[in-house]
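Undergrad: Return atomic coordinates for the entry below.
(chains A and B)
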Amino acid sequence: MVAKKSVRSASGKVRRVIVVGGGLAGLTTVMKLCEAGVAVDLFSLVPVKRSHSVCAQGGINASVNTKGEGDSPQVHLEETVYGGDFLANQPPVRGMTEAAPGIVFMLDRMGVTFNRTPEGLLDFRRFGGTLFHRTAFAGATTGQQLLYALDEQVRRYETLNVEDDQGVSIPGEKRVRKFEFWDFLSLVLDDNGIARGIVAQDLKSMDVKAFAGDAVCLATGGPGIVFGRSTNSVINTGTAAAAVYQQGACYANGEFIQVHPTAIPGADKLRLISESARGEGGRVWVPRDPNEKRPGKDVPESERDYFLEAKYPGYKNLVPRDIASRELFRKCFHDKRGVFNRRSLKNENEVYLDVTHLPKDTLRKKLAGILEIYEKFVGEDPYENPMRVFPAVHYSMGGLWVDFERSASGSLVMGSPRNHATNIAGLYAAGEVDYQYHGANRLGANSLLSCIYAGMVAGPAIATYVKNLPNSSYDMPASMLEKAETRERSKYETILKMDGPENPYQVHAELGEMMLVDCTIERHNPTLDGVLAKIEELTDRANNVNVLDTSSKSNQAAQFTRHMFNMLALARVIAQGARNRDESRGAHFKPAFPERNDPEWLRTTLAIHRPGDDNHHGIQYVRSLDYEVGGQRVHVTDGVDTSLVRPRPRKYEQAGAASTAATNV
Amino acid sequence: MSEKKVRLKVRRQDSAEAKGTQRWEEFDVPWKPQMNVISALMEVQKNPVTATGSKTTPVVWEASCLEEVCGACTMLVNGKVRQSCTALVDQLAPDGQTITLEPMSKFPLVRDLIVDRSRMFEALKRVHAWIELDGSHELGPGPRQSQENQEEAYPLSRCMTCGCCLEACPQINESSAFIGPHAISQVRLFNLHPSGKMHATDRLTTLMDEGGIGDCGKAMTCQEVCPKEIPLVDSIAQVSRAVTKQLLFGWLMR
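TA: A predicted model of the protein is given here:
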C-alpha cells in the first residue's frame, strides 16, 4: 500500500481536495492547502475575482494598536463576543483576534493598497461596537483589494506544477485547477457517509459531472438572496449550503440574519453604504419636524434629530448594526419620521446619513468608493447632500455547523482535523457559510477577518484530515462517482421537463418579499407561523413551475429553478429557527420577548433535515451531535463555550461597556 | 390602463455554434423607480414574452455584485461598452426610448449577452500579476510605504477585469495578439510595490514579446471607457518607458 501521506493515491492519481467557492475564505483555504503540499480543484459559480467578497467596503479588524490607544487582541475578543450577544463559542473568536494582526500584515505583504499614515504605517479607522481605531482599509473598497490579493496568490499556484514525494514536478498537474462557471449540486458520499467528492454542473455546456476529492470544503458565502433584495450579490443564494444540509449537514443559528442599517433602496438590490462612513465621522439624523420638506442640506443644525447620538451617548453612531438597524426601523415605521423624498414627493422609509461636514479631501481619500456608488445610483452628490439610506439584509451569522478543538490556553489547536469540520466526515466549511465567529450579531469589519481566518484554520485542518485518510477517494470504485452523477443528472432532467403554470423567478420574488418584511428586524410569532405556512404554499407552487428554457447552453432558468428549491429549504430553517427562539438576542428581536434569556436560550440552534417530519416543516432541532472525524468520535452539545468572557447584558449607552479590559479609551 | 413601459432591444444568439439563431428581440417591461438595465432584464425573466407577444426564453447575461465592483455585467448598452448595473433606465431613456443591449464583440460569444473573457485572466498569468510571497506564515509587518505611493497604486488596484478597455481598443482584433491595457496597468501596479519591484524585470520582459506593449497603437480609447477611471494611458506610457530602458540598458545591469 502506498503511504497515506503520499501525493498520489494507490492507483497513481494525484490526490486533490475540492474547495467550492473562491471568495476570501475559499481562496485562503486554497492557499493554505497549497502551502501544505495538497493539490486543489477550485469550483466557483463565477470567475473567482467576481466573488461577493468584492463588495466588502469598510475594512478588516486587527488590534495592531499603532494609535497609542491600548488596544489588544483581548479587547477585540471581548468586544466581538459582547457585540455578538454572547452566542459565539469563544475559543475560535480568541484564535481569530490573536491572529488578526498577522493576517493584516500578510495582506500588506501581498500588496494590498492599504491606506497609510504619514510615517508609512498602516492606517486604521473606527468601526461599530468599539471605541478603538482597529480597522485597516484600502479606501472604501477593502474587500475588493483583499479578494484580488488572494486571487493573485492563487493564480500563481495555477501556474505551478504539483511536486511528487521526491519533490520532482509532475508535468500537466497544476497545484490549483480552477473550474469557474460551475454550480455545486451535491456531495458524493460513500457507503459510510464520508464525503468523497462532489457533483457539479458546467454552467456553459450544462454538463453534469462528478469529481473525486479527498475532502471537500464549502466556502460558498451567505444566503442573502433568500430575502430577495439585499446587499448581497445575485449569486448568494445559499444553494450549496442548502444542498449539503439536505444531505445531512447540520445548519446552525440560521435565524441570525444581520440587517445593515445603511443601504440605498433599489429595485434590484439594496446597495450598501459602509459603516466606515460613520467610522470617519458620518452622522445619522432625521428632521425634528416630520413635515419638513426642505432638502436635507438646507435643514439647520438645530432642527435635526441625531437620534443615535442622543440615545447611545457611549457609542453614538457606531453602535452595533443590530441596534442601529432597529433604531432606524423604529424611526421610520413606528414613529413615522422617515424623511421627505423630493422625487416621490412623500415621506419615505429613509433617514439621512450625513458626511457633508467632513473635509472633502478626507472623503476622497478614505470613502470615495462608496460615495461613488451613491452618486452613480442615486444621481445626487453625497459630498454636498446628506445621503438617504435604510436598513437592508446583509449577512448571515448562522450557517453550516462546524466544530473546533480548544487548546489549553482557550484558543484553537491549529491543524486539528476537527477545526471547521461539519458533522459529515470529509466536509468542511469556511467563511460566511459557517456559523462560527459572530454569535448573534457580527461587528463591522470582522467578516473579512473571519473569512480569512477561517481559511487559515480550515486549510491546515483539511491537510491533516487528508494525510490521515486510510484510503483515498481516488481509489474508490468508479461506480461511486457514476451513481452520484446519474442521480444528479436525472434530477436536472426532471427540472428541464417542468412545464407547469408558475414562473420560478416570480415564486422567488414572493418568497424574498415575505422574508424581508416578516422575518428580519422585528419578528412576531403569529407572523412567523404565517411565513412558514406560506413557504409550504410557495413550495407547492415551486413544484409547478415552468422551467422557461430547455436549451443545452447557459441555461440560467433551469439553474435558477434548482436554486429556488434550495432557497425554500433555507427559508424554512431561518423562519422555524426564529419561531422557536422565544427571546431577543443580537439580530433576533421579538417584541413579545424583549429580553435575552440565557438560562433557556444561551445555546446554539442545531437544525437537521428530516424530510417527511411534518411537525416542524421537515426540520429536527437537536441538542447535541455525534460525528466522527479522523477516526475520532466526537460528541458536542448546543452549549456555548463562554469560558473566556462572562456573559453580561449589553449597554452601549455607556462608553467602554463592551470591554472590561479596555483601560485607555 | 397605460402603465409606463421600458423598451429593450436585445441581440440574442443561442450558442457560439448556432450562428443561425442570431436575432434581435424586443421586450416591454414595466417601469420602476431607480430601475437599471439589470432590473429591466430581471422583469424579462418573470415574463419571457417579446413585445410582439411571442413566447421566448429569458435573456441570459452575466451579473454578480450589481454595484459596479465585480465587473461581471459588462455589455454594449446603446452601443457603448459599460457595466449594465450602473446603466440607469431614466438616464438612458428619459422619454421611453428603446434601450439596445448587445454582447461585447471582442470576446468569443457564449450565449446572448455572455462572452468568454478568460483571455484577460490568462494575461494576468503571463505578466506575473502577483507578489512573489515567501508564504502566508507570520513574518511581521510589511514594508512601509509612503502615502504618495499608496495614492498612485490604489486606483490601479481597482481594475475589475471587466473588459471595457479591450472592447474599446482598436488593437484588439483577430489579426493581433495584443495583451490588452488592463494587464499592462497591472505591471505598473506590482512594479510600484516595494517587494513587487524586486521582480520588475521579469514582468517587463513578459511585455517584450509578441502581443506585448509594442502592439499598443496609442489610440487612448481604453482610458475613456474605463468605469473606474484608471489612468491606463499613463500606465502604458510608464511601462513602455521602463520596457525601453530595460531593452536598451538591461544588459548593463546584469
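Undergrad: what's the neighbour count on the closest residue to B:Leu88 other than its chain neighbours?
TA: Spatial nearest neighbour of B:Leu88, excluding adjacent residues (CB to CB, 6 or more residues apart in numbering or on different chains): B:Asn36 at 5.3 Å. For every residue, glycine as well, the C-beta is placed using N, CA and C. Around B:Asn36 sit 27 other residues, with neighbours defined as other CB atoms under 10 Å in any protein chain shown.
Undergrad: Identify the residues contacting B:Asn36.
TA: By CB atoms under 8 Å, 6 or more residues apart in numbering or on different chains, B:Asn36 lies in contact with A:266-268, A:377, B:66, B:84-89.
Undergrad: Which residue in those residues has the weakest pLDDT?
TA: Across the contacts of B:Asn36, the bottom pLDDT score, 80, is held by A:Ala267.
Undergrad: For the residue nearest to B:Leu88, give me the pLDDT.
TA: 96.
Undergrad: Which residues of the stretch 1-150 of chain A lie near chain B?
TA: With CB under 8 Å from any CB of the partner chain as the criterion, the stretch 1-150 of chain A meets chain B at residues A:28, A:31-32, A:35, A:46-47, A:49-52, A:54-55, A:102, A:105-106, A:108-122, A:138-139, A:141, A:144-145, A:148-149.
Undergrad: so where do the helices sit in the stretch 301-450 of chain A?
TA: Along the stretch 301-450 of chain A, counting by DSSP state H, counting those that start in this stretch, helices occupy A:307-311, A:321-329, A:360-378, A:447-467.
Undergrad: Show me the strands in the stretch 251-400 of chain A, by range?
TA: Using DSSP state E, counting those that start in this stretch, the strands of the stretch 251-400 of chain A run over residues A:251-252, A:257-264, A:271-272, A:283-287, A:304-305, A:340-341, A:346-347, A:351-354, A:387-396, A:399-400.
Undergrad: what's the average pLDDT for the fifth one?
TA: Right, strand A:304-305. 98.
Undergrad: Write the PyMOL selection for whichever of the residues of the stretch 1-150 of chain A next to chain B are buried.
TA: Per 16 or more other CB atoms under 10 Å in any protein chain shown, the buried members of these correspond to this PyMOL selection:
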select buried, chain A and resi 28+31+32+35+46+47+49+50+51+52+54+55+102+105+106+108+109+110+111+112+113+114+115+116+121+122+138+139+141+144+145+148+149
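Undergrad: Which ones among the residues of the stretch 1-150 of chain A next to chain B map onto helices?
TA: A:28, A:31-32, A:35, A:102, A:105-106, A:108-109, A:144-145, A:148-149 (DSSP state H).
Undergrad: of these, closest to B:Phe107?
TA: When those are compared for distance to B:Phe107 (CB to CB), A:Tyr148 wins out at 20.9 Å.
Undergrad: contacting residues for the closest one?
TA: By CB under 8 Å, 6+ apart, A:Tyr148 lies in contact with A:49, B:157.
Undergrad: for the chain, which helix is longest?
TA: No chain was given, so I picked chain A. helix A:556-580.
Undergrad: Let me rephrase: I mean chain B.
TA: helix B:232-249.
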